[in-house]
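*Asks:* model this:
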Amino acid sequence: MRQDIIDSLKDEVKRRCESEDNFFGIGGYYHIKAVVKNAIILAENYGADIEVVTIGAWLHDIASVTDYNFYQEHHIHGARIAGEMLSNFNYSKEKIELVQKCILNHRGSKLLEKISKEEICIADADAISHFDNLPSLFQLAYAVRNYPIDEGIDFVKNKLIRSYNKLSDESKEVYREKYDTVMKILD
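*Replies:* Got it, this is the predicted structure:
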């Protein structure tokens, strides 16, 4: 495992998330950390390349935290940025391409076919990460959107249901207990 690359990417992602120019603020870093954690869990379950999954998870939203103008197409810009960053480490071309596919296909709102185990791990980890960031969902509901109590709960609950339903069948099994627990709390 190329820990030197992973450590450097983690530091760079954190630096970009802490930047005053980052629209999403430090919350973006906590989201990315949750994706990394869950991507590694899934990679172990799927028998995927843990190094590729870890790197892909650290970089899946790199474009969004770099420049808000990239947000709508952050999967495309992110794949490009990742390729540039990883080339500077002399990372293998084959693995760079796999990381780029993970980034290109991670978005739940874009129904792109995920072919490799690594792509599935990143996309599913991105979806399930919302369960690790409940405070940010409540902040969005109440502080940003100014929903009343009941509407805020419905907003968060529906977001989590949509996220869970985006998971592959195998990942749903891995995270069923977490899903059930959070749904009980929100009921």
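
*Asks:* Quick one: find the helix or strand in this protein with the lowest mean pLDDT.
*Replies:* helix 134-139 (a mean of 88; mean pLDDT, DSSP states H and E).

*Asks:* Can you give me the buried ones in the next helix or strand after it?
*Replies:* Counting by DSSP states H and E, the element after helix 134-139 in chain order, helix or strand, is helix 149-165. For helix 149-165, the buried set under the neighbour-count rule, 16 or more other Cβ atoms under 10 Å, comprises 152, 153, 155, 156, 157, 160, 163, 164. Placement of C-beta: from N, CA and C, glycine included.

*Asks:* The second one touches residue 186, doesn't it?
*Replies:* The one in question is residue 153. Yes. Assessed by Cβ atoms under 8 Å, residue 153 is found in contact with residue 186 at 6.0 Å.

*Asks:* Give me the common contacts of these two.
*Replies:* Common neighbours of residue 153 and residue 186 are not found (criterion: Cβ atoms under 8 Å, 6 or more residues apart in numbering).

*Asks:* In terms of secondary structure, what does the helix or strand where residue 58 lies contact?
*Replies:* Taking DSSP H and E as the criterion, residue 58 maps to helix 50-59. Using 3 or more Cβ pairs under 8 Å, 6 or more residues apart in numbering; DSSP states H and E, the elements in contact with helix 50-59 are helix 3-18, helix 27-46, helix 74-87, helix 93-104, helix 117-128.

*Asks:* So the nearest residue to residue 5 once chain neighbours are set aside versus residue 147, what's the distance?
*Replies:* Distances taken as Cβ to Cβ, 6 or more residues apart in numbering place residue 89 nearest to residue 5, at 5.0 Å, with adjacent residues excluded. Note on residue 89: its distance to residue 147, by Cβ to Cβ, to the nearest Å, is 44 Å.

*Asks:* which of the two has more neighbours?
*Replies:* residue 147 (17 against 14; other Cβ atoms under 10 Å).

*Asks:* check contacts around the closest residue to that one other than its chain neighbours.
*Replies:* In space, and not counting its chain neighbours, residue 147 is closest to residue 141: 4.9 Å by Cβ to Cβ, 6+ apart. Contact partners of residue 141, counting by Cβ under 8 Å, 6+ apart, are 147, 151, 152, 153, 155, 156.
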